[in-house]
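In: Pasting a predicted model and its sequence here:
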2 protein chains.
Amino acid sequence: MRQTHLFTKTRKDTPKDEISKNADLLIRAGYIHKEMAGVYTLLPLGLRVMNKIEGIIREELDAVGCQEVEMTTLQDPELWRKTNRWTDTVDNWFTTELTNGTPLGLALTHEEALANILKNYITSYRDLPQYIYQIQTKFRNELRAKSGMMRGREFLMKDLYSFNATEEERAVFYDLMKEVYMKIYERVGLGDVTFLTFASGGIFSQFSHEFQTISSAGEDTIYVHPEKKLAINQEVFTDEVISMLNLDKDELVPERAIEVGNIFPLGTKYAEGVGLMFTAEDGTRQAPVMGSYGIGVGRIMGTVVEVHADERGIVWPQAISPYHVHLISLCQEHTDVAQVDAIYEKLKVAGIEVLYDDRLDIRAGAKFADADLMGIPIRLVVSPRTLSAGQIEVKYRAAEEVTEMNIDQFLAAQSSLLC
Amino acid sequence: MRQTHLFTKTRKDTPKDEISKNADLLIRAGYIHKEMAGVYTLLPLGLRVMNKIEGIIREELDAVGCQEVEMTTLQDPELWRKTNRWTDTVDNWFTTELTNGTPLGLALTHEEALANILKNYITSYRDLPQYIYQIQTKFRNELRAKSGMMRGREFLMKDLYSFNATEEERAVFYDLMKEVYMKIYERVGLGDVTFLTFASGGIFSQFSHEFQTISSAGEDTIYVHPEKKLAINQEVFTDEVISMLNLDKDELVPERAIEVGNIFPLGTKYAEGVGLMFTAEDGTRQAPVMGSYGIGVGRIMGTVVEVHADERGIVWPQAISPYHVHLISLCQEHTDVAQVDAIYEKLKVAGIEVLYDDRLDIRAGAKFADADLMGIPIRLVVSPRTLSAGQIEVKYRAAEEVTEMNIDQFLAAQSSLLC
């Protein structure tokens, strides 16, 4: 993509009510636009990052046999009254109505909706288990939304629901999901600082599990055991829980953290509430045991920015960077520009995604500052000097050193970038 | 995908209030679930069809330099009051509010939202033209929604907006879009029965243009000139318009038709309304000339079903079929089943998307009826008889003949299926 073609530009200003670091950087670098608190448009660069995060999640879930659907935003309150979640005061519904006055809600989760759909398809234990997910926009009427992409009123979420014949089978899948989730956090660049965290289980089980990423921007406090890669959320941080988990209080370190995912055992409450039943192997009628598994896609994007940014801007991990490399031309002469164009084409033909700063009237310092703000992990600089030496200048966003090599050496070294 | 793994099944029943053919077939075949009138969940097969339609649209738009974004559902009425579209009675807003009582709307279109975003990026004629689109869920509070996927209250739409420095430049892009749209309809299987149709232009120009697909399920009447591939919408079908278009009234045939797309010249009203201005080459301050270009993705899915279905069920064009082939096993014995499994693997390795009816306890007639209802364009049947002959039975959904060949012959003949 030529930067002269991209309609966004870096900005010096940010909306005056924007106090979160992630949204401030993402707005200034041209990834998102703020519509209102907690509501952000994805601009071309931001959409590319989100698509890459989605792609990683989809790959990992499909690999373990999950099936993708897309449920609806508009929801009939009648369904949610069956489980007493229409008047739930923990989550806040946005409500609307049809022209004839019929009230509707904007979905903030989909347990009841999916269980209701499955009434058409599940009649026997032979129809179980089912693991069904979507990557879909959720709405929550948050009182305050001051954390940028980390707490949206409108936000993209991956929500997965499991339906099993027995609690034992549910537990096996639940443990598998702990591994799948950690693989996802590793792939998006949060593995080192993300911890499986014991949290309140509500009415269905003693614990649910969160995935918490250490960050000063976090809204939660967790107590981390770094070696065991475990943590306990403050809400259940009691002597009883610590000893139940065979941990030593002295080895647990308090940290601020961002909840980047959560998984819940749900029991049979929602299935029973909407009337989803199956005939078990022993002939009895039972409700399937459910679990739910969430990851905020936009929250991952915001968290990666919070965790990896430096004083100059964003630093994307390669797997979710909008482009693999940022090619920066410092050439003005027609014949030099033609050579940089040829390098751009050569990189693209090799399967490398390139953002090409082909702007003619911008000085080198401003181009480097823009590149640092935008955070593509590999910067390639071509100038009249490097051209005459047959070289390109290679710099990693996260490092200070600059090396020079020719384009073929770069391509040979970067085969791991190819998609 | 093994059919025993897919959670959906074909259904005999359909919701009693569902009167549209497209939704009836899509529900019975397991593509969609009806949440309420005009609001449908996409089940795994339906999501695959929608993704393929989206992919075709994206390819064609990206090829002519359009840039993709994703704008938000939640909209601030203040922005839409500037152009008097908050109280518009033609389109019907769904409205909601924040917990503090601030009113919000659910976006039914995005002209104002995008023009407002561009105020951050467009200052000079050098920043134009821009062609920006999204594939995003829209909400319209329809009084009645009885046409299945063809008229949704919540529906996926591709909406593209053009921003040009001059009306002449806008007209050139507008004409290009007429070609791009026809290419899209050809690729999704509607080319033969879809006509560029002159329609009311509203206040911005004499005409807008619709793309109308002939179908008895259509809500519109158009007058078609088959040879010239043109039509006139009833709303502007006057002697004056007919003569202006150099057409002969006697050659125009009235048809019921479904509007599968529309493109509008918008003038400068929305840009001016929200204050999007640029400095022209002559130094004056001007508002960019806009155009908008819509395609309902779900409406295309519904229209394809209406147009191509027969009395046995859906008939997908290959380009948007959820799978390339439907492999049907009529084998029960373990050794035979193992051979069909091997054919399934061989097809997948060759890059063919396969739905594999591996159900053991279903008789052949029921399997064929399911396959006909689901509409995958190529059916491959393997039975103990064909196995012993080293053959598979090949039947196209749209044809009656059955031919036999071995798997390698099929693969050699079907290279055009590979994606």
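Out: In hand now; what should we look at? Numbers count the residues shown, from 1 in each chain, chains lettered A, B, ... in the order given.
In: Need the nearest residue in space to residue A:307, chain neighbours excluded.
Out: residue A:215 (5.5 Å; CB to CB, 6 or more residues apart in numbering or on different chains). Quick note: C-beta positions are derived from backbone N, CA and C, even for glycine.
In: can you give me the strands in the stretch 251-400 of chain A?
Out: Taking DSSP state E, counting those that start in this stretch, the strands of the stretch 251-400 of chain A run over residues A:253-267, A:278-279, A:285-286, A:289-296, A:325-329, A:354-357, A:378-382, A:392-396.
In: mind giving me the domain split of chain A?
Out: If you go by automatic domain parsing, the domain ranges for chain A are A:21-308, A:323-417.
In: looking at the ones you listed, which is buried most?
Out: Burial of the domains of chain A is given as mean neighbour count (mean count of other CB atoms under 10 Å in any protein chain shown); domain A:21-308 ranks first at a mean of 19.
In: Check the offset of it from the chain's centre.
Out: Taking CA atoms, centre = their mean, to the nearest Å, one finds domain A:21-308 lying 11 Å from the centre of the chain it belongs to.
In: and it, what's its mean pLDDT?
Out: Here domain A:21-308 scores 96 as its mean pLDDT.
In: Between the two ends of it, how far is it?
Out: One end of domain A:21-308 sits 11 Å from the other (CA to CA, to the nearest Å).
In: Residue A:258 is in contact with the residue nearest to residue A:307, correct?
Out: Yes - contact criterion CB atoms under 8 Å: residue A:215 and residue A:258 qualify, at 5.1 Å.
In: what residues are shared contacts of these two?
Out: Common contacts of residue A:215 and residue A:258 (CB atoms under 8 Å, 6 or more residues apart in numbering or on different chains): A:303, A:306.
In: where does the stretch 101-250 of chain A come near chain B, residue by residue?
Out: A:104, A:106, A:113, A:117-118, A:120-122, A:127, A:130, A:132, A:137, A:139, A:141, A:143, A:153-154 (CB under 8 Å from any CB of the partner chain).
In: try 7 Å
Out: Proximity of the stretch 101-250 of chain A to chain B, by CB under 7 Å from any CB of the partner chain, involves residues A:106, A:117, A:120, A:121, A:130, A:132, A:137, A:141, A:143, A:153, A:154.
In: Redo those as a markdown table? Include secondary structure.
Out: Formatted as a markdown table, those follow (DSSP: H, G, I helix; E, B strand; the rest coil):
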| residue | secondary structure |
| --- | --- |
| A:106 | strand |
| A:117 | helix |
| A:120 | coil |
| A:121 | coil |
| A:130 | strand |
| A:132 | strand |
| A:137 | strand |
| A:141 | coil |
| A:143 | coil |
| A:153 | coil |
| A:154 | strand |
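In: coming back round to it: could the domains of chain A go into a markdown table alongside distance to residue B:397?
Out: What follows is the domains of chain A, written out as a markdown table (distance: least, CB to CB, whole Å):
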| stretch | distance to residue B:397 |
| --- | --- |
| domain A:21-308 | 24 |
| domain A:323-417 | 36 |
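In: Could you say which one of those domains comes nearest to residue B:249?
Out: Nearest to residue B:249, of all those, is domain A:21-308, at 39.0 Å by CB to CB.
In: For residue A:211, what are phi and psi?
Out: phi -110, psi 120 (degrees, to the nearest 10).
In: now it, nearest residue through space, not along the chain?
Out: Take residue A:211 and drop its neighbours on the chain: the residue closest to it by CB to CB, 6+ apart is residue A:261, 3.9 Å away.
In: I'd say that neighbour and residue A:181 touch.
Out: Yes - here residue A:261 lies in contact with residue A:181, judged by CB atoms under 7 Å, at a distance of 5.5 Å.
In: so where's the longest helix in chain A?
Out: In chain A, assigned by DSSP state H, the helix with the most residues is helix A:167-188.
In: who's in contact with the residue nearest to residue A:307?
Out: Listed by CB atoms under 7 Å, 6 or more residues apart in numbering or on different chains, the contact set of residue A:215 reads A:256, A:257, A:258, A:303, A:306, A:307.
In: Not counting its own residues, what contacts stretch A:177-189?
Out: Applying CB under 7 Å, 6+ apart, the external contacts of stretch A:177-189 come out as A:53, A:56-57, A:60, A:64, A:191, A:194, A:196, A:209, A:211, A:260-261, A:263, A:293, A:295, A:300, A:304, A:308, A:317, A:319-320.
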